[in-house]
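Trainee: Okay, sequence plus prediction incoming.
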Amino acid sequence: KNTEAAEVAALPKQLEKLEVSNTFKIDLKDSDLKPFEELGSGNGGTVNKILHVPTGTIMARKVIHVEANATVRKQILRELQILHDCNNPYIVGFYGSYINEGDLSICMEYMDLGSLDSIYRKIGPIKEPILADITLSVLRGLIYLHETHKIIHRDIKPSNILVNSNGEIKLADFGVSGQLVNSVANTFVGTSHYMAPERIQGGKYSVQSDVWSLGISLMELAIGKFPFPPEGIVLPIFDLLQYIVNEPVPPLPADQFSVEFQDFCNKCLIKDPHKRPNFKYLIKHRFVITAEAENVDMKAWAKEVGEKLK
Ligand SMILES: COC(=O)c1c[nH]c2ncccc12
Ligand code: NA
């Protein structure tokens, strides 16, 4: 009897929760979307700025061509629904996804300053105090994905770390749908030079692989170029991957960076994933703690970036 009463009492909360989630769930269809300029392309798809006409919402839509039968496509859409529950200040918002003639569309929060990849290529290397705040945001996003949803990002790199005019840093393009990862892995897209050595060697992907990718991404943003191979050598992708697996990590120029930053990167780039520190350790590292303490003015930096990108 009393369990029934308890269930009845709990109803309004459930309904309220349901209502909230539904108001945010826009029913997306291609005919309601007006495309604008391309924002980026790479790792299996193209991203465009779009307008969702019925609500007047500006979004970013990633279109991925997926060669898959109806069953697989249905499974991908079902798995992408998890993105509706990935609500966190450090994760790019998700509006919905749909499939149109073999093309998968994923509609997300628009980040008006774009990716850190396009930012550093346009306005130069990112200064250390800004990098410390970026690191804190990325770690918080990765910890949220892993602890709340058991999701490993699998593709941390500068082009997947996005910035908006509020100076907010958010992660995009994480591997939420196993089926999508499989479907795209069949194309050449799979191997990326941000992958950890154990991953390049075909080993199991673990959350520790995201730590390596974070370290490599931070070094690239700090020096303004992909850190491997050192000085001026250009290698074809296969040789570059071999180099990453077999050669020591080129050090940061010691005179230009703090010992904390050098130490943080060195630890992320330990080749053995079991010896590489985990998120729990890294979020307490001095390089990150100083960022929390000094609360760097990210809004001012974003304003400056916005000016320079014009
Ligand atoms: C994969 O997601 C993205 O590339 C993006 C998601 N939101 C954006 N906003 C601007 C540029 C790129 C994106
Ligand atoms: Na991306």
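Mentor: Cool, got the structure. Numbering: from 1, shown residues only. Ligands and ions are numbered 1, 2, ... in the order given.

Trainee: What residues does the protein have near ligand 2?
Mentor: The chain comes close to ligand 2 at residues S159, N160, D173, as judged by C-beta under 5 Å from the ion. C-beta: built from backbone N, CA, C; applies to glycine.

Trainee: what's the neighbour count on the closest residue to the last one other than its chain neighbours?
Mentor: What it means is D173. Across the structure, with C-beta to C-beta, 6 or more residues apart in numbering as the measure, the residue nearest D173 apart from its sequence neighbours is N160 (4.5 Å). Around N160 sit 25 other residues, with neighbours defined as other C-beta atoms under 10 Å.

Trainee: I figured N160 hits G175, correct?
Mentor: No: in this structure, N160 sits apart from G175 without contact. The criterion is C-beta atoms under 8 Å, and the distance is 10.8 Å.

Trainee: Secondary structure class of the residue in the stretch 101-250 of the chain positioned nearest to ligand 2, three-state.
Mentor: Distance from ligand 2 to each residue of the stretch 101-250 of the chain (C-beta to the ion) is smallest for D173, at 4.0 Å. On the three-state scheme (DSSP: H, G, I helix; E, B strand; the rest coil), D173 is labelled coil.

Trainee: the helices in the chain, which residues?
Mentor: 2-24, 70-80, 116-123, 128-149, 178-185, 197-200, 207-223, 237-246, 259-268, 279-282, 286-294, 298-309 (DSSP state H).

Trainee: give the contact list for the residue nearest to D173.
Mentor: By C-beta atoms under 8 Å, 6 or more residues apart in numbering, the residues touching N160 are S115, H153, L171, A172, D173, F174.

Trainee: closest to C86 among those residues?
Mentor: Nearest to C86 among these, counting by C-beta to C-beta, is F174 at 8.3 Å.

Trainee: That closest one: how many residues sit nearby?
Mentor: Close neighbours of F174, defined as other C-beta under 10 Å, add up to 22.

Trainee: Leaving out chain neighbours, which residue sits closest to it?
Mentor: When the adjacent residues along the chain are set aside, F174 lies closest to H153, with 4.2 Å between them (C-beta to C-beta, 6+ apart).

Trainee: With D85 instead?
Mentor: Closest to D85 by C-beta to C-beta, 6+ apart is H149, at 7.1 Å.

Trainee: closest to ligand 1 among the residues of the chain next to ligand 2?
Mentor: D173 (4.1 Å; C-beta to the nearest ligand atom).

Trainee: I figured the closest one hits I156, correct?
Mentor: No: when contacts are counted by C-beta under 8 Å, D173 is not listed as touching I156 (9.2 Å).

Trainee: Quick check: which of the helices of the chain is nearest to I91?
Mentor: Ranking the helices of the chain by proximity to I91 (C-beta to C-beta) places helix 128-149 first, at 5.3 Å.

Trainee: name the helices or strands packed onto that closest one?
Mentor: Judged by 3 or more C-beta pairs under 8 Å, 6 or more residues apart in numbering; DSSP states H and E, the packing partners of helix 128-149 are strand 169-171, helix 207-223, helix 259-268, helix 279-282, helix 286-294, helix 298-309.

Trainee: how about JSON lines for these, with mean neighbour count added?
Mentor: What follows is the helices and strands packed on helix 128-149, written out as JSON lines (neighbours: other C-beta atoms under 10 Å):
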{"stretch": "strand 169-171", "mean neighbour count": "23"}
{"stretch": "helix 207-223", "mean neighbour count": "24"}
{"stretch": "helix 259-268", "mean neighbour count": "18"}
{"stretch": "helix 279-282", "mean neighbour count": "15"}
{"stretch": "helix 286-294", "mean neighbour count": "16"}
{"stretch": "helix 298-309", "mean neighbour count": "15"}
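
Trainee: Which of the ones you listed comes out lowest on mean pLDDT?
Mentor: The stretch with the lowest mean pLDDT among the helices and strands packed on helix 128-149 is helix 286-294, at a mean of 84.
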